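Colleague: Predicted model, plus sequence, below.
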Amino acid sequence: MARQKRRETLTCWSMMWIICMFDIPVRTRTEMRKATRFRNLLIDEGFMMKQFSVYIKPVKSLSVGQTLTKKLSKFIPDNSSVSFIYITDKQYLMTENYLGKNFEDNEEEIREKNGQLLLF
């Protein structure tokens, strides 16, 4: 009997979110360029900015996320602190966001204005 390829089922417990938080010095032009290069690399890899120095990306499994963060870790600038946190999609769905009074850059309002859909 031929072996059947195991089907990969994505659930809210198997899908993961990578949260990348970083502190990169930007005192000199060289440091600014390196910080910008690292942020652009995150964006090129599909990360979205959640807050200043906090980027997020959904991935289909922990192993995929770990492979990606291992790749990204090779590009961390000197004298920088970068943390990659993995949480399940189920945990991410429990996020509560609050906006202070007069906060103008509400993510949902910006998406509505631009006609952008939220996929996750």
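Modeller: Nice, I can see it.
Colleague: which stretches of this protein have low pLDDT?
Modeller: Residue ranges of the chain with pLDDT under 70: 1-10, 12, 102-120.
Colleague: Could I get the full set of strands for it?
Modeller: For the chain, the strands defined by DSSP state E cover 16-23, 48-51, 54-59, 81-88.
Colleague: Neighbouring strands - and their directions - for the shortest one?
Modeller: Spelled out, that is strand 48-51. When pairing is defined by DSSP bridges, strand 48-51 lines up against strand 54-59 (antiparallel).
Colleague: List the contacts of the partner strand.
Modeller: 15-21, 39, 42-43, 45-50, 65, 68, 89, 120 (Cβ atoms under 8 Å, 6 or more residues apart in numbering). In this view, the C-beta of every residue, glycine as well, is placed from N, C-alpha and C.
Colleague: among the strands of the chain, which is nearest Lys101?
Modeller: Lys101 sits nearest to strand 48-51 of all the strands of the chain, at 18.0 Å, using Cβ to Cβ.
Colleague: residues touching Leu62, list them.
Modeller: Neighbours of Leu62 in contact, by Cβ under 8 Å, 6+ apart: 16, 86.
Colleague: same check, this time on Ala35
Modeller: Counting by Cβ under 8 Å, 6+ apart, Ala35 touches 24-26, 77, 80.
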